[in-house]
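# structural data only, the sequence is not supplied:
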Ligand code: SAM
Ligand code: SF4
């Protein structure tokens with residue numbers, strides 16, 4: 001690297017004195033599912049020339065690691081549908097070996113996890129988030145449009161067998177899977193998986209008025225769960241939007257991600273990078289910085305300067321609203337662009 005060591009060692013501190021130590025990277029906007037809350041069925045994807053190569057993604061992620069990012073989460077779209085993606089995991093694994101990186105993780109729909117579970121473990125991944133919104137195969141096809149539950153569950157089993165810790169992410173949708181929350185808690189409890197319930201967020205056009213119909217506040221979920229389970233608050237804070245409880249009966253942990261009903265921004269430690277090299281400093285705001293141009297320019301100093309300039313613009317917080325009077329989503333890009 002031609003980078004000035006002093007810059008390279010400087011941690012990324014935003015204007016509100018929060019240190020950026022967590023980078024989420026969406027390595028592709030493509031996906032083999034079309035979840036009803038995430039994508040329209042006929043999505044238009046980015047032209048390949050706009051998408052960073054795996055080598056470029058490695059360079060950019062590594063720049064963040066030298067600036068104090070300790071956790072990297074690879075997401076998408078569906079990260080495991082990107083060709084040769086295991087190369088990136090193996091490359092990034094070197095930062096775990098040196099101790100610069102604490103954790104390399106992945107969020108996936110698990111459709112391709114069966115064949116990659118062991119390779120991911122070998123690369124140093126130890127925790128995987130798998131998105132499963134229902135345990136009913138028919139409903140699963142309805143929600144994901146193109147997914148098969150048995151393939152996904154095969155992937156989850158393979159990951160557990162390989163030694164990964166698993167967390168299930170479930171978006172709770174009114175009149176779709178809100179009747180399954182107890183089953184999800186029991187299923188995860190039996191298997192030793194953590195579980196996170198997520199409120200649907202107003203991101204990207206998905207067609208019609210669907211989002212208003214889908215929204216189901218997690219306060220309702222929590223109230224319903226309390227009828228059957230003993231929930232004890234625990235204050236695990238990851239700098240993220242989830243708040244956690246322990247289920248006394250199973251010993252399992254449940255997280256609630258409530259961007260709509262709660263403000264979780266005050267201790268935000270994360271930024272998000274898209275597969276085109278655009279850095280979003282906040283999931284809920286449109287402001288972004290282009291890192292692809294300085295990256296492709298080949299001057300690491302310029303790239304570091306661009307990262308510094310971006311972090312200096314990290315906003316204090318976001319302002320999601322599902323507004324009945326507005327037809328448009330609060331944030332125009334889809335979650336698959338920034339990887340959730
Ligand atoms: N394809 C992978 C998956 O589904 O796990 C990774 C990308 S996906 C965009 C990451 C997470 O975002 C998933 O857990 C998904 O359920 C969630 N998600 C997508 N669109 C969302 C929305 N509009 N509101 C809330 N969560 C959403
Ligand atoms: Fe694909 Fe994940 Fe979006 Fe579903 S939530 S369409 S699996 S990116």
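Nice, thanks for sending it over. All of these numbers come straight from a predicted model, not from anything done at the bench. Ligands and ions are numbered 1, 2, ... in the order given.
# what helix or strand is the residue of the stretch 151-300 of the chain found nearest ligand 2 on?
With CB to the nearest ligand atom as the measure, residue 171 is the residue of the stretch 151-300 of the chain nearest to ligand 2, at 7.8 Å. Where C-beta positions appear, they are placed from N, C-alpha and C, glycine not excepted. Taking DSSP states H and E as the definition, residue 171 sits inside strand 165-172.
# which positions within that strand qualify as buried?
Applying a neighbour-count criterion of 16 or more other CB atoms under 10 Å, one finds 166-172 buried in strand 165-172.
# what of stretch 108-119?
108-114, 116-117.
# now flag whichever of those residues is closest to ligand 2.
Nearest to ligand 2 among those, with distances taken as CB to the nearest ligand atom, is residue 109, at 3.6 Å.
# so what's the closest one up against?
31-33, 78, 130-131, 144, 147, 152 (CB atoms under 8 Å, 6 or more residues apart in numbering).
# try it again at 6 Å.
Going by CB atoms under 6 Å, 6 or more residues apart in numbering, residue 109 touches 33, 78, 131.
# over to residue 78?
Counting by CB under 6 Å, 6+ apart, residue 78 has contacts 31-32, 109.
# and the buried residues of stretch 108-119, which two are furthest apart?
109 and 117 (13.8 Å; CB to CB).
# returning to that earlier point: just the contacts of residue 78 that are near ligand 1?
Among those, the residues lying close to ligand 1 (CB under 6 Å from any ligand atom) are 31, 109.
# low-scoring stretches of the stretch 101-250 of the chain, by residue?
The stretch 101-250 of the chain contains residues with pLDDT under 70 at 203-212, 236-241.
# hey, where'd the helices end up in it?
113-123, 137-144, 149-162, 181-191, 210-214, 218-226 (DSSP state H, counting those that start in this stretch).
# how about those helices, which one is nearest ligand 1?
Nearest of the helices of the stretch 101-250 of the chain to ligand 1, taken as CB to the nearest ligand atom: helix 210-214 at 7.4 Å.
# re earlier: from the contacts of residue 109, which is closest to ligand 2?
residue 33 (3.9 Å).
# the closest one is in contact with residue 151, isn't it?
No. Counting by CB atoms under 6 Å, residue 151 is not a contact partner of residue 33; they are 10.8 Å apart.
# neighbour count for these two, which is higher?
Between residue 33 and residue 151, residue 33 has the larger neighbour count (other CB atoms under 10 Å), namely 23 against 15.
# and the more buried one, that one's in a strand?
No. Residue state for residue 33 (DSSP: H, G, I helix; E, B strand; the rest coil) corresponds to coil; a strand is not indicated.
# kindly report the residues of this structure close to ligand 2.
31, 33-35, 38-39, 76-78, 109, 131, 336.
# next, format the residues you listed as a markdown table and append distance to residue 56.
Shown next, in a markdown table, are those (distance: CB to CB, whole Å):
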| residue | distance to residue 56 |
| --- | --- |
| 31 | 21 |
| 33 | 26 |
| 34 | 27 |
| 35 | 28 |
| 38 | 25 |
| 39 | 25 |
| 76 | 16 |
| 77 | 17 |
| 78 | 20 |
| 109 | 24 |
| 131 | 26 |
| 336 | 20 |
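# between these, which is closest to residue 161?
residue 109 (18.7 Å).
# so how far is residue 29 from that closest one?
Residue 109 sits at a distance of 14 Å from residue 29 (criterion: CB to CB, to the nearest Å).
# equivalent analysis for residue 58, please.
Distance from residue 58 to residue 29, by CB to CB: 19 Å.
# between the two, point out the one with more neighbours.
residue 29 (24 against 17).
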